[in-house]
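Chemist: With the sequence up front, the predicted model follows.
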Amino acid sequence: MTISLLAYLLIPLFSAVLIQFVSRNKENLADIIGNITLFAGLLNISYLIFNPVNFKLSFSNIAQDGFTLLMIFMIYLVAFSVSLFSTGFLTKEKNRHHFHSLILVSVSAMCGIVTAGDFFTLYIFVEALAVASFALIAFDDNEKGIEAAIKYFLLTFPASIFILLGMAILLFTTSTFNFAGLQNIVAGGYLSSPIMSGVILILLGFLIKSGVFPFHTWVLDAYQGAYSPVSAFLAGTITKIAGVYAVIKIAMIFKFFDLKLYKISETLMFIGAASILFGAIAAMRQKDFKRMLAYSSISQIGYIIIACGLATPLAILGAIFHMFNHAAFKTVLFLNGASLEKSLNTTNMEKMGGLEHSMPWTSWSSVIALMSTAGIPPLSGFWSKLLIIVALWEGGAKGYSVTAIGAGIITLAYFMVMQRKVFFGKITDAAKKAEEMPALMLAPVMILCAVIIMSGILFPYCYNYLIETITRTIL
């Protein structure tokens, strides 16, 4: 990792320590330090990527790895949104300094993951993130949160064992964990059975941490049992960086389909398709808002995994863009779920209805996020799904391409049902007493909605960025 990118890791870590010393008796200082640190980082990475010179040159002048830069932007965007939202949500809490410190430590660990140049460094930061995530899930200190945290630890612990075993095999067979070194071995055209055994074990570990079907059970309890802003953070970025990012990275290095590693390719594509369908169908049967979003997350991650199975350049670009889009629209939905829970004191959709009148901003921002999730043009989710579907079709996986389209229709159907139940249905007694959230809590949701809309409208620029800054690392 370069010195400039190292700052995105070290500064949040310094702020996390600082908060513990200066804000124990002044909780507002934790809010101020946490939000300023994340906002400053977000502004900095935004300028690094989106300054006018880069647009003028179609991003061809960016020297750093575009995948890494996009992931850092995503991490800071989601973390700042959750932190700012939590400043209003945690008004009665006495331990906000712990919450903001854990958010900042998580940001530091995630930046360490995406700037790592080898599997060993990546693994160390993944485990650091797991510890911070465990503490965040249990932050509310209630029975559900503690139970969810224990399940998260127990069910993802085997993943760490698989990753360690895989790395040990790689070390003995190739003498390197380094991504560049492994790419050189791949370029040689011969991958021995021990090397592939190590890769498969590492891949299995990160699939478990991604929460895809059939390794999804911990996702449901963690998302539903965690403190509501923490659920948004988990769904928006932690799960993506702790698991999905590594799966994409492995696909970029080993190019399963191009190297005729068809069994691995087909297995990944099958897992992705199964996750897409399972998550979409299961979401239709849910009555709890957060649990429905958890199943929806499983389905949307399936699109990324199926693209990784194909691992052509277009499929990888689609997976990366969908990972970013999923972080944006899923964070909006989970933050809005937190707003509903705070206003109505429930996440049961059967007890909601007609909230468009009392919570119009929450209602219509949910519509934007839901439409993007379902792949409705011109929102960003449409374009990333289109890239994946076209890549599958061109790669000869037409059946999987049709599956992805069909699941999109199911997604639209259950979200329309949810929207009618929660926001546009008959007004319930609870809805009559509900109140819209304050501007401080609505601001991050509006920022993310703007990102969803602008990423869709300005898709040609987004595609240029992906092509110019990421394709060269794939090829």
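Modeler: In hand now; what should we look at?
Chemist: For the stretch 101-250 of the chain, give me the ranges with low pLDDT.
Modeler: 140-145, 189-190 (pLDDT under 70).
Chemist: cutoff 80 now
Modeler: Along the stretch 101-250 of the chain, the model assigns pLDDT under 80 to residues 138-157, 175-178, 180-193, 195, 215-227.
Chemist: and the next element down the chain from the helix or strand containing residue 160?
Modeler: Element membership for residue 160 (DSSP states H and E) is helix 143-174. Moving toward the C-terminus from helix 143-174, the next helix or strand (DSSP H and E) is helix 179-187.
Chemist: Next SSE downstream of that following helix?
Modeler: Going down the chain from helix 179-187, the next helix or strand is helix 193-210, by DSSP H and E.
Chemist: ok now the helix holding residue 160, how far from the chain's centre?
Modeler: 19 Å (CA atoms, centre = their mean, to the nearest Å).
Chemist: now do stretch 373-385
Modeler: 16 Å.
Chemist: Quote the end-to-end distance of that stretch.
Modeler: 9 Å (CA to CA, to the nearest Å).
Chemist: And it, what's buried?
Modeler: 373, 374, 375, 376, 379, 380, 381, 382, 383, 384, 385 (16 or more other CB atoms under 10 Å). (C-beta placed from N, C-alpha, C; glycine too.)
Chemist: Same question for stretch 344-355.
Modeler: Buried-residue list, stretch 344-355, by 16+ other CB under 10 Å: 344, 347, 349, 351, 352, 353, 354, 355.
Chemist: What separation is there between the first one and residue 17?
Modeler: Same thing as residue 344. If you measure residue 344 against residue 17 using CB to CB, to the nearest Å, the figure is 37 Å.
Chemist: With the fifth one instead?
Modeler: Between residue 352 and residue 17 the computed distance is 41 Å (CB to CB).
Chemist: show me the contacts for residue 53.
Modeler: Applying CB atoms under 8 Å, 6 or more residues apart in numbering to residue 53 gives the contacts residue 61.
Chemist: what about it, distance to residue 454?
Modeler: Residue 53 sits at a distance of 19 Å from residue 454 (criterion: CB to CB).
Chemist: Using pLDDT, spot the least trustworthy of the buried residues of stretch 344-355.
Modeler: pLDDT across the buried residues of stretch 344-355 is lowest for residue 353, at 71.
Chemist: Check which helix or strand that one maps to.
Modeler: Residue 353 belongs to no helix or strand, assigned by DSSP H and E.
Chemist: What distance do you get for it to residue 284?
Modeler: In terms of CB to CB, residue 353 sits 18 Å off from residue 284.
Chemist: Repeat that for residue 23.
Modeler: As for residue 23, its distance to residue 284 is 44 Å (criterion: CB to CB).
Chemist: swap in residue 421?
Modeler: 12 Å.
Chemist: which one of those two has more residues nearby?
Modeler: Legend: neighbour count by other CB atoms under 10 Å for residue 421 and residue 284, higher for residue 421 (19 against 16).
Chemist: and the more buried one, that's in a helix?
Modeler: Yes: the assignment for residue 421 (DSSP: H, G, I helix; E, B strand; the rest coil) places it in a helix.
Chemist: mind listing what the closest residue to residue 299 other than its chain neighbours touches?
Modeler: Closest residue to residue 299 apart from its sequence neighbours, by CB to CB, 6 or more residues apart in numbering: residue 279 at 2.9 Å. Residues in contact with residue 279 (CB under 8 Å, 6+ apart) are 213, 216, 295, 296, 297, 298, 299, 300, 301, 302.
Chemist: Kindly indicate which of those residues lies nearest residue 235.
Modeler: Taking CB to CB as the measure, residue 235 lies nearest residue 297 of these, at 5.2 Å.
Chemist: For that closest one, list the residues it contacts.
Modeler: Residue 297 neighbours (CB under 8 Å, 6+ apart): 211, 219, 223, 235, 239, 279, 326, 330.
Chemist: Which of the residues you listed fall in helices?
Modeler: 219, 223, 239, 279, 326, 330 (DSSP state H).
Chemist: Distance-wise, check residue 303 relative to residue 389.
Modeler: 9 Å.
Chemist: Quickly list what's touching both of those two.
Modeler: In contact with both residue 303 and residue 389: residue 404, using CB under 8 Å, 6+ apart.
Chemist: quick one, which of the two is more surrounded?
Modeler: The neighbour count for residue 303 versus residue 389, taken as other CB under 10 Å, is higher for residue 303 (30 against 23).
Chemist: Now do the same for that one: helix, strand or coil?
Modeler: Here residue 303 is recorded as helix under three-state DSSP.
Chemist: and it, how far is that from residue 318?
Modeler: Distance of residue 303 to residue 318, given as CB to CB: 8 Å.
Chemist: overlap in contacts of the two?
Modeler: Residues touching both residue 303 and residue 318 (CB under 8 Å, 6+ apart): 384, 385, 388.
Chemist: of all these, which comes closest to residue 138?
Modeler: Taking CB to CB as the measure, residue 138 lies nearest residue 384 of those, at 33.1 Å.
Chemist: who touches that closest one in this structure?
Modeler: Residue 384 makes contact with 303, 318, 321, 322, 324, 325, according to CB under 8 Å, 6+ apart.
Chemist: element containing it, please.
Modeler: Judged by DSSP H and E, residue 384 forms part of helix 380-394.
Chemist: what pLDDT, on average, does that helix get?
Modeler: Averaged across helix 380-394, the pLDDT comes to 89.
Chemist: Quick check: phi and psi on residue 175?
Modeler: Here is the backbone geometry of residue 175 (degrees, to the nearest 10): phi 60, psi 20.
Chemist: and it, how many residues sit next to it?
Modeler: There are 9 residues near residue 175, going by other CB under 10 Å.
Chemist: shift numbering so it begins at 674
Modeler: With the count now opening at 674, the last piece we talked about shows up as residue 848.
Chemist: how near is it to residue 839?
Modeler: 15 Å.
Chemist: likewise residue 1017?
Modeler: When residue 1017 is compared with residue 839 (using CB to CB), they lie 46 Å apart.
Chemist: got it, and residue 1086?
Modeler: Counting by CB to CB - residue 1086 and residue 839 are separated by 39 Å.
Chemist: Settle it for me: which of these two has more neighbours?
Modeler: Each of residue 1086 and residue 839 has its neighbours counted (other CB under 10 Å); residue 839 has more, 22 against 14.
Chemist: Now do the contacts for the more buried one.
Modeler: Residue 839 is in contact with 870, 871, 872, 873, 874, 875, 876, 877, 878, counting by CB under 8 Å, 6+ apart.
Chemist: Check residue 826 too.
Modeler: With contact taken as CB under 8 Å, 6+ apart, residue 826 is in contact with 803, 807.
Chemist: could I get the buried residues of stretch 1017-1028 as TSV with distance to residue 983?
Modeler: Formatted as TSV, these follow (distance: CB to CB, whole Å):
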residue	distance to residue 983
1017	43
1020	36
1022	36
1024	43
1025	40
1026	42
1027	44
1028	41
